[in-house]
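Enquirer: My questions are about this predicted structure, shown below with the sequence.
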Amino acid sequence: MNKKIEAIQQQLQKLRQQIEHHNYQYYVLDNPAIPDVEYDRLFRELQQIERDYPRLITSESPTQRVGAAPLNTFSQVVHEVPMLSLDNAFDEEKVASFDRRIREGLSVPVVEYAVEPKFDGLAVSLRYEQGKFKTGSTRGDGYTGEDITQNLRTIKSIPLCLSAKDVPTLLEVRGEVLMMKADFQHLNQSQRDKGEKAFANPRNAAAGSLRQLDSKVTATRHLTFFAYGIGWVEDGGIPKVKHSDIMDYLLSLHFPVAKECAVVTGSDALLAYYHDIGTKRESLPYEIDGVVYKVNALAQQEKLGYVSRAPRFALAHKFPAQEMVTKVLGIDVQVGRTGTLTPVARLEPVFVGGVTVTNATLHNIDEVQRKDVRVGDTVIVRRAGDVIPEVVSVMQTQRSAQTEPFVMPENCPVCGAKAARLSGEAAVRCTGGLFCPAQQKQAIIHFSARRAMDIDGLGDKLIEQLVDHSVVRTSADLYKLGVTALVNLERLAEKSANNLLAAIEKSKQTTLARFIYALGIRNVGETTAKALASYYGGLDRLMDADLEDLQLVPDVGPIVAQSLADFFAQPHNREVIEQLRLAGVSWEEQDGMSAIATEVTAVSGKTFVLTGTLPSMSRETAKEEIETRGGKVVGSVSKKTNYVVVGTDPGSKYDKALSLGVTILDEAGLKDLLQ
C-alpha cells in the first residue's frame, strides 16, 4: 500500500470516528457538542473523499446509514420502509443543479414540487392498525428505531383514533415532534425556577422530553407533532398521484400539517419559496433550519428512486448557519445609556447567520458565571435574524488550563464611579448618573422632561446634537448655553435659540420634588421624589441622610434607599448638583415633616379635585403644592372629596361638586388654604 492511500485511510478513519462521536452526542444523548453547520462540514468532507476513492468505502461508514444506534433502554422497532434523511443544499447553485438533474432524469422541461418548512425537531413514525394508534418510534439509525409509544401518546396533537371512512388496515404516518418557541421559554423558566439545567434549544428540549423513561414527565413538556408523509400502508385507498394530495389526506385525518406547505413549479419558484419562508422564520411559532423540496408526482418519485442514504427526488435547502464555533479573544464591559454594565465577548471573526460576527453579548454577570465563559475559550455563537449575537455555550473539552474566571469590575469602565448591584437585580449599574459620558444623553433627556425641569423646546434630537458636538456634558452645562453655541447647530435659527434660552431660564425656578426627580436616580420616580421632598424639605438634608434614616420616608424601602445612598456618595454627582445651584436653579425649602405637621388641619389628609384653568398657576403646580403639604389630588368628584378647586371653563366636575355639596375654592381660596 502506497503512502498516499495510507494517509487517506487514516484521514477517513479520523473523520468517521468524529462523525460517529457527534452522532452519538446528537441522536442518543441529545447533547450536541458542535453546531449543525460544523457537523455538515465534516460529513461533506467525508462524502467528497469517498467519491474520489470509492474503493475505500466501507459498510460501517456514516455515509451508508442515517443517524446513530437507538438507546438500549427502549425496545427496538424495525421500520418497514427505511426512514432516510435528505441531501442538503447550502446555496442557490446546488438547488439549480438539483432541479436540472430531476428534469434530465425525468426527461421533462419543468417539474412541479411540493415544498414545506424543514422542522428542527425529532423525526418519528406512527403506526395505526384498523385506525387506532398502536406503536410509535424514533427514526434511530434509519432502519431500527426506539419504541416510544407511551411518550407519543401524551402528545395531544397526535390522534389516537382515525375516524375517517376507508382508513387503511395499516397506516404508518411520519412526521416531526418539536417544541413550540413559547413552550420552550416556559419550560426553561420552570427549569431555572427549580434550580435545574436549562435546555440549549427547542430541538434538544423536544428530544430529551420524548426519550423520558417516565411518560408522565413527557406529558408535562407540551410537545407538538407535524406530519410530513406516509411510510408503509396496507389495504387502503390513500392518494397515489401527488405528494400534496397525501398531505391533504393527512390533514383530513386530523393530523397537524404545516400551513406553510405549498406547491410550486420550477427552480425559480423553489428559491422564491426559500426566501419567503426565510423572511417569516423569526415570526413562526416553531424553529426551522431550512425548507424541503420534493418532486410532487409520486410516479416521478418512484422513477427517480434512491441513493444509499437519501431519495433522489428530495432536497433540504438549509438557511445560513445560526450557530458557529469561534474563540473568545477578550471580554469587554460596555456601559449602556441607563448605566447598565454589560459584558461583551470579543471574538475571532466568524460568519454566522449571514453576517460576520466579532462581538457577542454575555448579558450579565449571572449568565457569564452560569456558562463559565472565559478569555481563550472555544465557544458556540448563535445569531438568529436581527437578534444580537450571543454565546450559547463553552466547549469545555477544548479549554486551556491557563484560563481564568471572568470578574466584573468594581468601578464603571467609562467614568470610574462605583458599580453597584442592588438586591434582586441581575444588572450591575454605574452610579455616576449625572456625569458618566455613557449616560450623558439619557440623563439630560430625563432632566429636561416636562415632569422634571420642564425645559420647553429641548427635544431628544437637539440634546443629541449638543452632546455629540461637545457643547454640553452634564445637565449643569445647559445653564451656561448662549445664542452663539446654539445657532451653530443644525436647524436651530436665532429666534428658536432665544426661545430655548428663555425656557432654560424659566426652569431655574422649580420645586424640590421636581429637582429630585430630574436627577434621574435609579428607582426614584415622581411619587418617591415628592415623598422625599416632603420628608426632608431641603436637598442637603436628603443628600446627607444615611440608609437607616432614608427608610423612614414613606414608600422608601431598602432598594430605593441604597440607590439614593449610592448616587449621593459619588463626588461627581454632588459636583454637578452644586453647579446647578450656582447657575441659579432653586426652589422653596421647608422644614420637612415639621412643616407638614403645622398644616395638618388645613391640607394634610384632605382630598382635592382640580377642574378648569387657574389664573396664575398650572394644574401640575397646584397638584404639587397640595401633595407637598400632605394632601391628595384625584380625578373625579365623590362624597369623599373635601375640596374642588375651580378655574375658568370648569366642566361637569363643578356641577357635580354643587350637587354633592362639596366645598368649592377658586385659586385665591386654594392659596389661602395652602398658606
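Expert: Perfect, thanks for sending it.
Enquirer: which stretches of the stretch 351-500 of the chain form strands?
Expert: Along the stretch 351-500 of the chain, the segments classed as strands by DSSP state E, counting those that start in this stretch run 355-361, 378-382, 390-394, 419-420, 428-430.
Enquirer: between these, which gets nearest to Arg370?
Expert: strand 390-394 (10.2 Å; CB to CB). In this view, the C-beta of every residue, glycine as well, is placed from N, C-alpha and C.
Enquirer: In the closest one, which residues are buried?
Expert: Residues of strand 390-394 classed as buried: 390-394 (neighbour count, 16 or more other CB atoms under 10 Å).
Enquirer: mind showing which ranges of the stretch 501-650 of the chain have poor pLDDT?
Expert: Low-confidence segments of the stretch 501-650 of the chain (pLDDT under 70): 593-601.
Enquirer: show me the biggest helix of this protein in terms of residues.
Expert: Secondary structure of the chain per DSSP state H: the longest helix is helix 3-23.
Enquirer: which residues touch that one?
Expert: 32-34, 39, 42-43, 45-46, 49-50, 53, 56, 60-62, 67-68 (CB atoms under 8 Å, 6 or more residues apart in numbering).
Enquirer: hmm, back to that, which one, of the strands of the stretch 351-500 of the chain, ends up nearest to Tyr535?
Expert: strand 419-420 (23.2 Å).
Enquirer: list the helices and strands that closest one packs on?
Expert: In terms of contacts (3 or more CB pairs under 8 Å, 6 or more residues apart in numbering; DSSP states H and E), strand 419-420 is packed against strand 428-430.
Enquirer: chain center to the strand it packs on: distance?
Expert: 21 Å (CA atoms, centre = their mean, to the nearest Å).
Enquirer: Stretch 285-299 now?
Expert: With CA atoms, centre = their mean, you get 28 Å for stretch 285-299.
Enquirer: what mean pLDDT would you report for it?
Expert: Mean pLDDT, computed over stretch 285-299, is 95.
Enquirer: following the longest helix of the chain, which helix or strand comes up?
Expert: helix 36-52 (DSSP states H and E).
Enquirer: tell me the mean pLDDT over the one helix or strand Lys94 maps to?
Expert: Using DSSP H and E, Lys94 sits in helix 92-106. Averaged over helix 92-106, pLDDT sits at 96.
Enquirer: Which strands or helices does that helix pack on?
Expert: Helices and strands touching helix 92-106, by 3+ CB pairs under 8 Å, 6+ apart, are helix 267-280, strand 288-295, helix 298-304, strand 314-318.
Enquirer: Could you list the residues in contact with the first one?
Expert: The contact list for helix 267-280 (CB under 8 Å, 6+ apart) reads 92, 95-96, 98-100, 113, 115, 117, 260, 262, 264, 288, 290-291, 293, 317, 319.
Enquirer: Got a PyMOL select line for the buried ones in the contacts of helix 3-23?
Expert: Remark: buried members of the contacts of helix 3-23, expressed as a PyMOL selection using 16+ other CB under 10 Å:
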select buried, resi 32+33+34+39+42+43+46+49+50+61+62+67+68
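Enquirer: Let me see the ranges of the strands in the stretch 151-300 of the chain.
Expert: Under DSSP E, counting those that start in this stretch, the stretch 151-300 of the chain gives strands at 170-178, 224-234, 262-265, 288-295.
Enquirer: I'd guess Phe567 is in a strand, am I close?
Expert: No - assignment of Phe567 by DSSP: H, G, I helix; E, B strand; the rest coil gives helix, placing it outside any strand.
Enquirer: Against Ile463, how distant is the closest residue to it other than its chain neighbours?
Expert: Spatial nearest neighbour of Phe567, chain neighbours left out: Ile521 (4.7 Å); criterion: CB to CB, 6 or more residues apart in numbering. Counting by CB to CB, to the nearest Å, the gap from Ile521 to Ile463 is 19 Å.
Enquirer: Next: Ser75.
Expert: As judged by CB to CB, Ser75 and Ile463 stand 69 Å apart.
Enquirer: Same drill for these two, tell me which one is more crowded.
Expert: Ile463 (21 against 12; other CB atoms under 10 Å).
Enquirer: so who does the more buried one touch?
Expert: By CB under 8 Å, 6+ apart, Ile463 lies in contact with 441, 444-445, 448, 472.
Enquirer: For those residues, pick the one with the most neighbours.
Expert: Ile444 (26 neighbours).
Enquirer: List the residues that contact that residue.
Expert: Taking CB under 8 Å, 6+ apart, we find Ile444 in contact with 463, 466-467, 472, 474-475, 478.
Enquirer: now these in CSV, with pLDDT and distance to Asp566?
Expert: CSV is the format used below for these (pLDDT from 0 to 100; distance: CB to CB, whole Å):
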residue, pLDDT, distance to Asp566
Ile463, 91, 25
Leu466, 90, 27
Val467, 88, 24
Val472, 91, 24
Thr474, 92, 18
Ser475, 94, 19
Leu478, 94, 24
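Enquirer: So which of these sit within helices?
Expert: When DSSP H is applied, the contacts of Ile444 are split such that 463, 466-467 fall in helices.
Enquirer: Columns distance to Leu670 on top of these, output as a markdown table?
Expert: Shown next, in a markdown table, are those (distance: CB to CB, whole Å):
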| residue | distance to Leu670 |
| --- | --- |
| Ile463 | 35 |
| Leu466 | 38 |
| Val467 | 41 |
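Enquirer: Which one, of the helices and strands packed on helix 92-106, ends up nearest to Gly354?
Expert: Closest among the helices and strands packed on helix 92-106, using CB to CB: helix 267-280, at 9.5 Å.
Enquirer: hang on, the earlier thing: export the strands of the stretch 151-300 of the chain to CSV and tack on distance to Pro409 and mean neighbour count?
Expert: Listed next are those as CSV, based on distance: least, CB to CB, whole Å; neighbours: other CB atoms under 10 Å:
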stretch, distance to Pro409, mean neighbour count
strand 170-178, 42, 23
strand 224-234, 44, 19
strand 262-265, 53, 15
strand 288-295, 38, 23
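Enquirer: now these in TSV, with distance to Leu422?
Expert: Below are the strands of the stretch 151-300 of the chain laid out as TSV (distance: least, CB to CB, whole Å):
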stretch	distance to Leu422
strand 170-178	39
strand 224-234	40
strand 262-265	52
strand 288-295	40
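Enquirer: distance of Ser244 from Leu580?
Expert: 72 Å.
Enquirer: Between the two, point out the one with more neighbours.
Expert: Leu580 (24 against 20).
Enquirer: Could you grab the helix/strand/coil label for the more buried one?
Expert: Three-state call for Leu580 (three-state DSSP): helix.
Enquirer: In this structure it contacts Tyr479, no?
Expert: Yes - counting by CB atoms under 8 Å, Leu580 does reach Tyr479; the two are 7.0 Å apart.
Enquirer: related to what we said a few turns ago, contact partners for the residue nearest to Phe567?
Expert: 433, 563-564, 567.
Enquirer: Looking at the residues you listed, spot the one nearest Gly457.
Expert: The closest of these, once distances to Gly457 are taken by CB to CB, is Gly433, at 23.8 Å.
Enquirer: Tell me how far that closest one lies from Gln17.
Expert: The value you get for Gly433 to Gln17, if CB to CB is used, is 57 Å.
Enquirer: So for those two, which sits in the more crowded spot?
Expert: Taking neighbours as other CB under 10 Å, Gly433 and Gln17 compare with Gly433 leading, 27 against 11.
Enquirer: For Lys242, list each beta-bridge partner.
Expert: Beta-bridge pairing for Lys242 (DSSP bridges): Ala297.
Enquirer: ignore the last one, Val634
Expert: For Val634, the beta-bridge partners under DSSP bridges are Val609.
Enquirer: Would you indicate which residues of stretch 95-115 are buried?
Expert: Residues of stretch 95-115 classed as buried: 95, 98-99, 102, 105-106, 111-115 (neighbour count, 16+ other CB under 10 Å).
Enquirer: do stretch 245-258 as well
Expert: Applying 16+ other CB under 10 Å to stretch 245-258 flags 246-247, 249-250, 253, 255-258 as buried.
Enquirer: Sort out which one of these lies nearest Arg574 for me.
Expert: Taking CB to CB as the measure, Arg574 lies nearest Ala258 of these, at 61.8 Å.
Enquirer: No further questions, thank you.
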